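1. structure, please.
(chains A and B)
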Amino acid sequence: MLTLKQITEDKEGIIRKLAKKLFDGREPIENVIAVNETRKATQSKLDANLAELNKISKSIGLLLKEGKKDEAEAAKQQVSSMKEANKTLEAEMKEAEEKIIAILSTIPNIPCDEVPEGKDANDNVVERTGGNKVELPEDALPHWDLAKKYNLIDFDLGVKITGAGFPVYIGKGARLQRALIDFFLDEAQKSGYTEIMPPTVVNAASGFGTGQLPDKEGQMYHTDLDDLYLIPTAEVPVTNIYRDVILDKKDLPIKNCAYTQCFRREAGSYGKDVRGLNRLHEFSKVELVRIDTPEHSYESLKEMLAHVEGLVQKLELPYRILRLCGGDMSFTSSICFDFEVYSEAQKRWLEVSSVSNFESYQANRLKCRYRDENKKTQLCHTLNGSALALPRIVAALLENNQTPEGIRIPKALQPYTGFDIID
RNA sequence: GGAAAGUUGGGUGAGUGGCUGAAACCACAGGUUUGCUAAACCUGCGAACGGGCAACCGUUCCGGGGGUUCGAAUCCCCCACUUUCCGCCA
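-> Here you go, the predicted model:
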C-alpha cells in the first residue's frame, strides 16, 4: 500500500506517475484524501471527549476516597450520558479507517522514474543481451522430448501421482535439480547472502503481509482443515520474517536467500506456454530477499541484477535483461527487471528471473520499519529476485546444449552434477 | 487426540480494578571518570494517530474480538497461538 503521507504530500505527482501504470488514480486518490479529512476531524472530536471522560473518571476515584458520595454519583451520571455520543464518533472513525484501507488497497505502487512508458510486454525495453546463441540442427528436440529420450523427467508419471504440472525427475534429471539448487545457493552465499530454510506452508497473516492475499487467493494452494497456504515463492515466508519489526539502521541492508519448492495453481493457463517445464504447479527456486533503507535500495537492486546476470553467464546461456514498462509491471513493484534465457529448440525467450524493488509499498503493509539516526521510525524498502527458478533454466540447458553425443553440462555446474554429459 | 499452564515494551520479567504506558534487570544511545581497553557512575530510551512552527499536549494500544464498570493489563465470555505432560509418530 501507498501511505497517506505519500498521497497527501504529492497528490498530483502520484496521479501522474500512476498513469504510467495505466491506472487512473484521480478518483481513488481524491476520495481517500477526503475520507482522511473526515477521519481527522472525527478523531479530534472524539479525542477531546475521551480526554474529558478520563478526567472525570479520575476525579470520581478521588471523590470516593474523600467520602463525597453524592458528588461522585453525580459525576457518574454525567459520564454515562457522554458515552452515548462517543459511540457514534467511534463508529464513524472505524468506518473511515476501513474505507481508507479499502481504497488504498486498490491503488498500485507508483513506478519509479526509470520505468519506461508502455502498455504491455511488447513495450518492455531490452536492457542488455549476453551469452551466445547456439546453432542447432534442424532436428533439434524441445526439452520435453529430450527429457524423455534421456529419461530425465517423467511428466506422465507426475500426472499419475499428482496431476499435470508436477513432473517426476529421475536419475541425472534429479541430480541436475539438486546441482542447480546447490550451485545457486553457493553463489548467493559468496555474494554475502544468509541462507534461510523457511516453512513452505504459511498462515493467512503472512499471505497478507506480502500481498498474495486477498488479491491472489485463487493462485495459492490452500489447506482447508488448518487454513494454511502453500507458498508460491520463498519471498512470502522470508519477507514475513520482518513483519511487524523495527530494525536498526546499522543492520541494513539485510540480505537473505532461500531455496524452496514453490506451488502455483496457475488457474487459467493453457496452450504452448504450459508445455513441458514451461509452467509447472510445483517447482524449485532460489530466491533473494533484501530489506534496505530508501537511500540505498537502488544500489541493492543493481547488486542483485549483477548477481543474477553472473549466474546465467556461468551457466553459459544466451540471455537478455528486460526493463519492464509501466503497463507490464506487477501491481506492487516500483521497478522490475526480467531475465530471460533463449530456448533454441522452442525459438522463444523464457523468463527465469524477476528482480524488483518494491520501495516502501510492501513494507507499509508489512509494517517493516527501521530506526534512522534521529531515532525516528521509517519504512524500509524491500526487494526480491529469483536467483534462479529451475525449470526453464533446465529447459534451456537441455535444449541449447544438445549434441549428437548427448547433453553437455556447463563447466560451472560440473562440480555439482558430478558428470559433464548426459547420454 | 486428552489434560494443564501461559501470551505484558528490543529481550528477561513484575504487576489482580483508579497513584501503571506499565517496576526491575539486560540490551541500546549520549555523557562523566580513565594513559588505553575494561569497569563504574549519571541520563535517556515503545508504537500509531490527532493538534501545534516548536517546546509540547491529547487519544489509543499489555495475543485478537466482545462484555461488566464512572474507571480494566488486572474481572467475565469467545477465538487464536505458545509451552509442558500423556498418547501417536518421522
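
2. contacts only, for the closest residue to RNA strand B within the stretch 251-400 of chain A.
-> Going by CB to the nearest atom of the strand, RNA strand B is nearest to A:Thr377 of the stretch 251-400 of chain A, at 3.8 Å. Any C-beta I mention is one placed from the backbone N, CA and C, and that applies to glycine too. By CB atoms under 8 Å, 6 or more residues apart in numbering, the residues touching A:Thr377 are A:Ile246, A:Arg369, A:Tyr370, A:Arg371.

3. show the buried residues in these.
-> Buried subset of the contacts of A:Thr377 (neighbour count, 16 or more other CB atoms under 10 Å): A:Arg369, A:Tyr370.

4. by contact count, what packs against the lengthiest helix in chain A?
-> If you go by DSSP state H, chain A has its longest helix at helix A:26-65. If you count contacts as 3 or more CB pairs under 8 Å, 6 or more residues apart in numbering; DSSP states H and E, helix A:26-65 packs onto helix A:4-9, helix A:11-20, helix A:69-106.

5. model confidence over the helix or strand following the last one, on average?
-> Heading C-terminal from helix A:69-106, the first helix or strand you meet, by DSSP states H and E, is strand A:125-130. Mean per-residue pLDDT for strand A:125-130: 95.

6. how far off centre is strand A:125-130?
-> Taking the mean of its C-alpha atoms, strand A:125-130 sits 23 Å from the chain's own mean (CA atoms, centre = their mean, to the nearest Å).

7. and what of stretch A:294-309?
-> Relative to its chain's centre, stretch A:294-309 lies at 16 Å (CA atoms, centre = their mean).

8. mind listing what's buried in that stretch?
-> Buried residues in stretch A:294-309 (16+ other CB under 10 Å): A:Ser297, A:Tyr298, A:Ser300, A:Leu301, A:Glu303, A:Met304, A:Leu305, A:His307, A:Val308, A:Glu309.

9. interface residues of chain A facing RNA strand B?
-> With CB under 7 Å from any atom of the strand as the criterion, chain A meets RNA strand B at residues A:4-5, A:36, A:40, A:43-44, A:46-48, A:50-51, A:53-58, A:60-61, A:64, A:75-76, A:79-80, A:83, A:226, A:246, A:369, A:371, A:375, A:377.

10. mind checking which of those are buried?
-> Burial by neighbour count, 16+ other CB under 10 Å: within the residues of chain A next to RNA strand B this picks out A:Leu4, A:Asn36, A:Leu46, A:Ile60, A:Ala75, A:Arg369.

11. export the residues you listed to TSV and tack on pLDDT?
-> Formatted as TSV, those follow (pLDDT from 0 to 100):
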residue	pLDDT
A:Leu4	91
A:Asn36	94
A:Leu46	91
A:Ile60	86
A:Ala75	84
A:Arg369	89
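
12. need the max-distance pair from those residues.
-> A:Ala75 and A:Arg369 (41.7 Å; CB to CB).

13. the helices in the stretch 101-250 of chain A, which residues?
-> With helices called from DSSP state H, counting those that start in this stretch, the stretch 101-250 of chain A shows them at A:143-149, A:155-161, A:172-190, A:204-209, A:235-240.

14. per-domain residue ranges of chain A.
-> Chain A is divided into the following domains under automatic domain parsing: A:4-106, A:121-422.

15. got the buried residues for stretch A:133-145?
-> Neighbour counts over stretch A:133-145 (16+ other CB under 10 Å) mark A:Val134, A:Leu136, A:Ala140, A:Pro142, A:His143, A:Trp144 as buried.

16. I misspoke; the intended subject was stretch A:330-337.
-> A:Thr332, A:Ser333, A:Ser334, A:Ile335, A:Cys336, A:Phe337.
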